[in-house]
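Colleague: Below are the sequence and a predicted model for it; my questions follow.
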Amino acid sequence: MTYADVSRTFQWRVPDRYNIAADTIDRHAAKRPDAPALVYEEKPGNVKQLSFKDVRDASNRLANALGAQGLVFGDRIAILLPQAPETAIAHVAAYKSALIAVPLFVLFGPEAIEYRLVDSGSVALITDLRNWPKVAEIRDRLPALVTVIVVGGRGIDKTLDFDELIRSASPDFVTVNTAAEDPATIIYTSGTTGPPKGALHAHRFLLGHIPGVLLPHDFPPRVGDLFWTPADWAWIGGLYDVLFPAWHWGVPVLASRARRFDPSQVLDVMDRHRVRNVFMPPTALKLIRQSGTMPGSGLQLRSLASGGETLGGELLEWGRATFGLTINEFYGQTECNLVVANCSEIMEVRPGSMGRAVPGHRVAIIDDGGAVLAAGKVGAIAVKRPDPVMFLRYWNRPDETAAKFRGKWLVTGDLGSIDDDGYVWYQARDDDVITSGAYRIGPGEIEDCLLRHPAVAMAGVVGIEDPIRTQVVKAFIVLRAGSVKSQGLTNELQDLVKDRLGAHEYPRVIEYVDALPLTPTGKIIRRELRAMG
C-alpha cells in the first residue's frame with residue numbers, strides 16, 4: 001500500500017467505553033496467557049520474562065492493595081521508578097483502578113519531585129530504595145501524600161513494601177469499565193514560560209497513538225518482534241511511543257535502562273536480546289555515530305524510529321550503512337503526540353522533513369488568526385480537534401489550556417511549513433523550550449533554582465547549539481553585590497541544579513553578566529540572551 005492508500009482507507013475506531021489496561025493486558029492474558037509481555041535482566045546475564053498473565057495477576061494484586069488503602073476513581077498516583085517490571089505493573093494497576101498515573105523521572109531532584117506531587121495533588125506514590133531518600137526529604141511538605149509504597153522497602157517507617165503488598169493481595173480484580181474520555185494519566189511538560197504544566201490525558205489517548213507507531217515501525221507486528229527504547233519510562237516517548245503501543249499489539253517489550261548512556265552498551269543490549277524494533281532519540285544516534293562503535297553480528301533490527309528533532313541526510317545515510325534500514329522520524333509533543341511521521345515502506349523519506357501527517361490526524365500550518373496557510377508558507381504547526389491523541393486539558397490551568405488553541409486548532413509551539421506533497425518541514429520554535437538530548441527542558445525551573453543561591457541576583461537560561469545534544473543549557477548570571485565570579489562558584493551553581501532538579505537540566509555553560517535584557521514588565525527577553533550566545 002502507498003501512503004495515499006493508507007490515508008484514504010483509515011478510520012478511527014474509538015469505542016465509548018475503553019480502558020488502557022483492559023486493552024493492553026487483560027485482552028492478551030485471556031487469549032494468550034503465556035505469551036511474553038516483558039523481558040528483563042534481574043541481574044546481569046539473568047534474563048527473565050513476565051507473561052501477559054503474570055502482568056495481569058500482579059497488577060490485579062496491586063490494584064486491590066491500592067483500593068484497600070482508600071484510593072478511588074480519579075485519585076492521582078505518582079510513579080517514580082526506572083525501566084523495570086514494577087513500573088509497568090504500577091501503571092497497569094492504576095489504569096485498572098481508574099486512578100490517574102503521574103510518571104516522574106528518576107533523575108529529578110527533590111524540588112522537581114515536590115513541585116509535581118503538589119501540583120497534581122497526588123495521594124499515593126510508588127518508588128524504590130534508590131529514590132526513596134529524595135521523597136523522605138520532602139515528605140513532611142506533602143500533606144496530601146498519604147500512601148508511599150517502596151520497592152524493596154520493607155521496614156521503612158510509614159511506608160508500604162511493594163513486594164509484600166503484591167504477595168498478600170488477591171489476584172482477582174475486575175478492571176473498571178472506564179469511558180474512553182475518562183482521565184488516565186498526567187504527564188508533565190517542560191516549563192517554558194513558567195512552571196511545568198501537567199497534560200491530562202484520557203484512556204483513548206493510547207488508541208490515538210497507534211497509527212503514529214504503525215507507520216515508523218512498519219506494524220502490524222511480525223513473529224519475533226521485540227520492542228525497546230533507551231528512553232526512560234517516565235516520559236511520553238518511553239511509555240506511549242513504546243511500552244503501551246507494543247502491548248496493544250501483543251508485542252513483548254524489553255526493560256533495560258542504563259544509568260548513563262553508553263553507545264557500546266546500547267548496541268550490546270540490542271544484539272544480546274535480538275531486539276527488532278527500537279525508538280532511539282536523535283542524541284542517542286549521534287552519540288553512537290560519534291563513538292565509532294559498530295553493531296555486532298547478532299543485530300536483527302527491523303525498524304528504528306526517532307523523534308525530537310529533524311534528522312539530516314548525513315544521519316539518515318549513516319543509519320542505513322550502520323543498521324541496514326532507514327531511520328523513520330516522527331513528530332509530536334506531550335499534549336498531542338505522534339501526529340507526523342515517516343515510513344520508508346510506503347513513502348519517500350525526504351531528509352530534513354519530519355514526514356507527513358499520520359492518517360487520522362489533520363495537521364496544518366496556520367496564521368495568528370487560525371487560518372490555514374498555503375503550501376510553502378511558514379506559520380504555526382497545528383493539529384485540528386477533536387483528535388483521540390489530544391490532551392483533555394492542563395491540570396488546574398484553564399487559562400493556559402485555552403491559550404493552547406486557536407479556534408479548532410491546537411498550536412504546537414513550533415513554526416514550520418508543508419510542501420505541495422504534504423511533507424512537514426520544521427523551521428523554528430516559537431517558545432523557549434530547550435531541546436537537549438532526549439529531554440525537553442524549560443528554563444523557568446532552572447532560573448528559580450539558581451536564584452536560591454545566595455550569590456545570585458538574577459538568572460536567565462537559554463539553550464545554545466551543541467553538535468551532539470542539539471542544545472545544552474546556558475545560564476546568564478547577575479551576581480549580588482559583594483559576590484565574585486569564580487570557577488568554584490560555577491561548580492556550586494551547576495551542582496545546585498543537578499541536586500535539586502536533575503543532572504539533565506544543569507547549565508553546562510555559565511556566563512556572568514552585569515544585567516539581563518528585560519521587558520518593561522520585568523520579563524527576561526530570552527531571544528536577546530540567545531543572541532548573546
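Modeller: Arrived safely, thanks for sending. Here the structure is a predicted model, which means the values were calculated and not measured. Numbering: from 1, shown residues only.
Colleague: ok, and the closest non-adjacent residue to residue 318?
Modeller: residue 289 (5.4 Å; CB to CB, 6 or more residues apart in numbering). C-beta coordinates here come from the backbone N, C-alpha and C atoms, glycine included.
Colleague: Next SSE downstream of the helix or strand where that neighbour lies?
Modeller: Using DSSP states H and E, residue 289 sits within helix 282-291. Next helix or strand after helix 282-291 toward the C-terminus (DSSP H and E): strand 303-307.
Colleague: just for the stretch 401-533 of the chain, where's the confidence low?
Modeller: Within the stretch 401-533 of the chain, the stretches with pLDDT under 70 are 519-523.
Colleague: Same question for the stretch 251-400 of the chain.
Modeller: Using pLDDT under 70, the stretch 251-400 of the chain has no residue that qualifies.
Colleague: let's go with 80 and repeat that
Modeller: Within the stretch 251-400 of the chain, the segments meeting pLDDT under 80 span 258-260, 283, 308-312.
Colleague: pretty sure residue 28 is touching residue 52, no?
Modeller: Yes: the criterion here is CB atoms under 8 Å, and residue 28 meets it with residue 52 at 4.1 Å.
Colleague: so what sits against both of the two?
Modeller: Common contacts of residue 28 and residue 52, defined by CB atoms under 8 Å, 6 or more residues apart in numbering, comprise 35, 37, 250.
Colleague: can you put the residues you listed in TSV and add distance to residue 169, neighbour count and pLDDT?
Modeller: Compiled in TSV, those are given as follows (distance: CB to CB, whole Å; neighbours: other CB atoms under 10 Å; pLDDT from 0 to 100):
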residue	distance to residue 169	neighbour count	pLDDT
35	24	15	98
37	20	26	98
250	26	18	97
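Colleague: Just the ones of these in strands?
Modeller: residue 37 (DSSP state E).
Colleague: Would you format the shared contacts of residue 28 and residue 52 as JSON lines with distance to residue 422 included?
Modeller: Shown next, in JSON lines, are the shared contacts of residue 28 and residue 52 (distance: CB to CB, whole Å):
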{"residue": "35", "distance to residue 422": "38"}
{"residue": "37", "distance to residue 422": "36"}
{"residue": "250", "distance to residue 422": "32"}
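Colleague: Out of the shared contacts of residue 28 and residue 52, the closest to residue 238 would be?
Modeller: Using CB to CB, residue 37 comes nearest to residue 238 of the shared contacts of residue 28 and residue 52, at 15.9 Å.
Colleague: For the residue of the chain most remote from its centre, give me its contacts.
Modeller: Taking CA atoms, centre = their mean, the residue of the chain most remote from its mean C-alpha position is residue 482, at 42.2 Å. Taking CB under 8 Å, 6+ apart, we find residue 482 in contact with no residue.
Colleague: can I get the CA coordinates of the helix holding residue 289 in CSV?
Modeller: Taking Å, rounded to 0.1, in the frame of the first residue of the first chain, the C-alpha atoms of helix 282-291 are listed here in CSV:
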residue,chain,number,x,y,z
PRO,A,282,18.4,11.7,17.9
THR,A,283,21.1,12.4,20.5
ALA,A,284,21.5,8.7,21.2
LEU,A,285,22.0,8.1,17.5
LYS,A,286,24.6,10.9,17.3
LEU,A,287,26.5,9.5,20.3
ILE,A,288,26.6,6.1,18.7
ARG,A,289,27.9,7.5,15.5
GLN,A,290,30.5,9.7,17.3
SER,A,291,31.8,6.7,19.3
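Colleague: can you state the direction angle for it and strand 303-307?
Modeller: 110 degrees (axes from the mean of the first three to the mean of the last three CA atoms, to 10 degrees).
Colleague: What is helix 282-291 packed up against?
Modeller: helix 263-272, strand 303-307, helix 313-323 (3 or more CB pairs under 8 Å, 6 or more residues apart in numbering; DSSP states H and E).
Colleague: Which one, of those, ends up nearest to residue 105?
Modeller: Nearest of these (CB to CB): strand 303-307, 17.6 Å.
Colleague: who does residue 474 bridge with?
Modeller: residue 462, residue 509 (DSSP bridges).
Colleague: what's near enough to touch it?
Modeller: Taking CB under 8 Å, 6+ apart, we find residue 474 in contact with 461, 462, 463, 464, 507, 508, 509, 510, 511.
Colleague: Can you add neighbour count and give those back as JSON lines?
Modeller: Compiled in JSON lines, the contacts of residue 474 are given as follows (neighbours: other CB atoms under 10 Å):
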{"residue": "461", "neighbour count": "28"}
{"residue": "462", "neighbour count": "23"}
{"residue": "463", "neighbour count": "22"}
{"residue": "464", "neighbour count": "17"}
{"residue": "507", "neighbour count": "26"}
{"residue": "508", "neighbour count": "14"}
{"residue": "509", "neighbour count": "15"}
{"residue": "510", "neighbour count": "21"}
{"residue": "511", "neighbour count": "15"}
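Colleague: Would you agree residue 21 falls within a helix?
Modeller: Yes: using DSSP: H, G, I helix; E, B strand; the rest coil, the secondary structure at residue 21 is a helix.
Colleague: how many neighbours does it have?
Modeller: 29 (other CB atoms under 10 Å).
Colleague: quick one, what contacts residue 152?
Modeller: With CB under 8 Å, 6+ apart, residue 152 has these contacts: 128, 129, 161, 162, 163.
Colleague: now swap in residue 282 and tell me
Modeller: 306, 307, 308, 309, 311, 315, 470.
Colleague: neighbour-wise, which of the residues you listed leads?
Modeller: residue 307 leads the contacts of residue 282 on contacts (other CB under 10 Å) with 28 neighbours.
Colleague: distance of that residue from residue 423?
Modeller: Separation of residue 307 from residue 423 (CB to CB, to the nearest Å): 16 Å.
Colleague: got it, and residue 183?
Modeller: 34 Å.
Colleague: What backbone torsions are found at the closest residue to residue 171 other than its chain neighbours?
Modeller: Computed as CB to CB, 6+ apart, the closest residue to residue 171 that is not its neighbour in sequence is residue 57, at 4.3 Å. The phi and psi torsions at residue 57 (degrees, to the nearest 10) take the values phi -70, psi -40.
Colleague: Now do residue 57, the pLDDT please.
Modeller: pLDDT, the model's per-residue confidence, is 98 for residue 57.
Colleague: Just the CA coordinates for stretch 86-100, please, in PDB.
Modeller: Extracted in PDB, the C-alpha atoms of stretch 86-100 (Å, rounded to 0.1, in the frame of the first residue of the first chain):
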ATOM      1  CA  GLU A  86       7.400  -2.700  38.800                       C
ATOM      2  CA  THR A  87       7.000   0.400  36.700                       C
ATOM      3  CA  ALA A  88       4.800  -1.300  34.100                       C
ATOM      4  CA  ILE A  89       2.800  -3.100  36.800                       C
ATOM      5  CA  ALA A  90       2.200   0.100  38.600                       C
ATOM      6  CA  HIS A  91       0.900   1.900  35.500                       C
ATOM      7  CA  VAL A  92      -1.400  -1.100  34.600                       C
ATOM      8  CA  ALA A  93      -2.800  -1.200  38.200                       C
ATOM      9  CA  ALA A  94      -3.500   2.500  38.100                       C
ATOM     10  CA  TYR A  95      -5.400   2.200  34.800                       C
ATOM     11  CA  LYS A  96      -7.300  -0.800  36.000                       C
ATOM     12  CA  SER A  97      -8.400   1.100  39.100                       C
ATOM     13  CA  ALA A  98      -9.400   4.300  37.200                       C
ATOM     14  CA  LEU A  99      -6.700   6.200  39.000                       C
ATOM     15  CA  ILE A 100      -4.600   8.800  37.300                       C
END
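Colleague: List the contacts of stretch 431-439.
Modeller: 190, 192-193, 231, 235, 237, 281, 283-284, 308-309, 413, 440-443, 461-463, 466, 469-473, 504-505, 526.
Colleague: and it, how far out from the chain's middle?
Modeller: On the basis of CA atoms, centre = their mean, to the nearest Å, stretch 431-439 sits 12 Å off its chain's mean C-alpha point.
Colleague: related to what we said a few turns ago, of the helices and strands packed on helix 282-291, which approaches residue 116 most closely?
Modeller: That would be strand 303-307 among those, by CB to CB, at 23.2 Å.
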